[in-house]
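Visitor: I need the structure of the sequence given here:
(one chain, ligands or ions: 1)
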Amino acid sequence: VATVAVYSDADRHAPHVVQADEAVLLGDAAPSASYLNIDKLIAAARQTGAEALHPGYGFLSENPVFAERVAAGGLVFIGPGAEAMRRLGDKVAARNLARQAGVPTVPGMDAPEADENRLAAAAERIGYPVLIKASAGGGGKGMRVVERPQALPEAARLAASEAQSAFGDGRIFLEKYLPRPRHVEIQVLGDHHGSVIYLGERECSIQRRHQKIVEESPSPALDAALRRRMGEAAVRLAKAAGYTNAGTVEFLLDESGDFYFLEVNTRLQVEHPVTEMVTGLDLVRLQLNIAAGQPLGIAQSDVAPRGHAIECRIYAEDPAAGFIPSPGRILLAEAPAGPGIRYDHAVVSGMEVPVHYDPLLGKLIAFAETREACIARMKRALAECVVLGVRTPIEYLIDVLSHSAFEQGKTHTHFLGEHFAAWRPDAASDTAAAVGYLLETAHGVSAPSGAARTDQTAEFSPWRRLGRWDLAEG
Ligand code: ADP
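Guide: Numbers count the residues shown, from 1 in each chain. All right, here's what the predicted structure looks like:
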């Protein structure tokens, strides 16, 4: 299938522009002038004679108006229908539909509420702590934990205004805030001939700011019976919504093995590669086939995941400073490789990481026959993954995967807060010394401070300059 990429001014040198068969400049860096501009997107599709449009993960990918406009423009939208998106895109509407389909939901409200007194009454009924959420929510925006009644009015006002500015929709509701749940989600696929299947689960409990950074499949917490119950619940909801194409039904799983519906993402997920690795299926190819009207061609009984896959997200962000974005120029990027390693990335030496968008640079995926082997393989690949010039969580991720609680599969959504709140990079690590050396010698630039060599590493590391090593040790 020939591809046309779209890009903004800020992404002129982004790898996807070079990789696609054709590329169309949408406009300025600001999303409203480029990736969020429906007219420009449809014009680009028409101008190049595209037959279908894949909406990706972010921006307009879950926008039913966009799906309708694409269809009205004579193009096939590669995703669910606008109606299914509307039924599931609103968190409150999706909760209500889930309950009707016999899928358990987190205790909470079944309508958005603006009135302070009614919110307070609902919070008393649900029981503190409660979580304020935006009906239109996503990306953790408009989400606030409230521990006690006195904090509710102010938190509700802030959440509503944050939701209003992020989504143009300030409606909020309350859910019970579950202590230490796991985030477990089910991948579903539906065709236009009435078939809906599930492709197993992904566990995405390793999160900062309620957003995923490590994902894996299968979840260490599921056995075959629970997997089937969660999978069948997800399929019931997808069928109730008239869902087609790829989607993800998200759940929270508590320590007693009870699961609660959270929300549906009506698009492909960033973490879909772990499902691809364990099922051997190409989800994007299946998305294209479904959009072209073909039957799924896979029955539930054909889905037989094997092995273990983990994905680590590599962002331009600083894990030692609250994960604030770290945009800037990439001085050097080297991709890890080897058996069972996949690196889906958009980073090349010399490029600028724009300040305008989510700073995700790449996704590193490891696959192996067991979870233990997969962790080992991932750590080796992370150690080989070079991204210099901006801060990244690469060292942090190695430490997370090395933690005994992670090794034992004792993961939950507060894992990073509990074990890694005080994490700092090891300035004297061999990796830091090695990359500093590499930068100076091969590329003639001085190392960023995180990669600076110290006297200690100069003395003891195997990466000492050869000359000095010769002198000292013959
Ligand atoms: P968003 O769409 O903004 O990403 P989600 O509803 O998907 O929000 O929730 C994101 C994360 O927030 C979850 O994976 C979980 O860690 C946390 N979370 C959401 N709802 C609850 C809840 N009721 N109790 C505890 N944690 C929650």
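Visitor: which stretches of the stretch 301-450 of the chain have low pLDDT?
Guide: For the stretch 301-450 of the chain, the stretches with pLDDT under 70 are 428-450.
Visitor: how near is whichever residue of it sits closest to the ligand to residue 125?
Guide: The ligand sits closest to residue 413 of the stretch 301-450 of the chain, with a gap of 3.5 Å, by C-beta to the nearest ligand atom. From N, CA and C alone the C-beta is placed, and that goes for glycine too. Using C-beta to C-beta, to the nearest Å, we find residue 413 at a distance of 24 Å from residue 125.
Visitor: more neighbours: which of those two?
Guide: Per other C-beta atoms under 10 Å, whichever of residue 413 and residue 125 has more neighbours is residue 413, with 19 against 12.
Visitor: up against the ligand, what does the stretch 1-150 of the chain have?
Guide: Residues of the stretch 1-150 of the chain found near the ligand (C-beta under 6 Å from any ligand atom) are 106, 131, 137-140, 143.
Visitor: then the stretch 301-450 of the chain?
Guide: residue 413.
Visitor: now the helices for the stretch 301-450 of the chain?
Guide: Using DSSP state H, counting those that start in this stretch, the helices of the stretch 301-450 of the chain run over residues 371-384, 394-402, 404-407, 415-420, 430-443.
Visitor: mean neighbour count for those helices - can I get that in TSV?
Guide: Shown next, in TSV, are these (neighbours: other C-beta atoms under 10 Å):
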stretch	mean neighbour count
helix 371-384	18
helix 394-402	20
helix 404-407	14
helix 415-420	16
helix 430-443	18
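Visitor: so which of those is nearest residue 253?
Guide: When the helices of the stretch 301-450 of the chain are ranked by proximity to residue 253, the top entry is helix 415-420, at 13.8 Å, counting by C-beta to C-beta.
Visitor: what helices and strands are in contact with the closest one?
Guide: With contacts taken as 3 or more C-beta pairs under 8 Å, 6 or more residues apart in numbering; DSSP states H and E, helix 415-420 sits against strand 196-208, helix 394-402, helix 404-407.
Visitor: can you give me the strands for the stretch 201-350 of the chain?
Guide: Remark: strands assigned in the stretch 201-350 of the chain by DSSP state E, counting those that start in this stretch are 211-217, 245-253, 259-265, 308-315, 317-318, 324-325, 328-329, 332-334, 341-345.
Visitor: in CSV: the ones you listed, plus mean neighbour count and distance to residue 287.
Guide: Formatted as CSV, the strands of the stretch 201-350 of the chain follow (neighbours: other C-beta atoms under 10 Å; distance: least, C-beta to C-beta, whole Å):
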stretch, mean neighbour count, distance to residue 287
strand 211-217, 24, 18
strand 245-253, 25, 5
strand 259-265, 23, 14
strand 308-315, 25, 19
strand 317-318, 22, 29
strand 324-325, 14, 30
strand 328-329, 14, 34
strand 332-334, 16, 29
strand 341-345, 17, 16
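Visitor: tell me who's in contact with residue 292.
Guide: 52, 76 (C-beta atoms under 8 Å, 6 or more residues apart in numbering).
Visitor: just checking, residue 221 touches residue 181?
Guide: No. Proximity of residue 221 to residue 181 does not meet the contact threshold set by C-beta atoms under 8 Å, at 10.2 Å.
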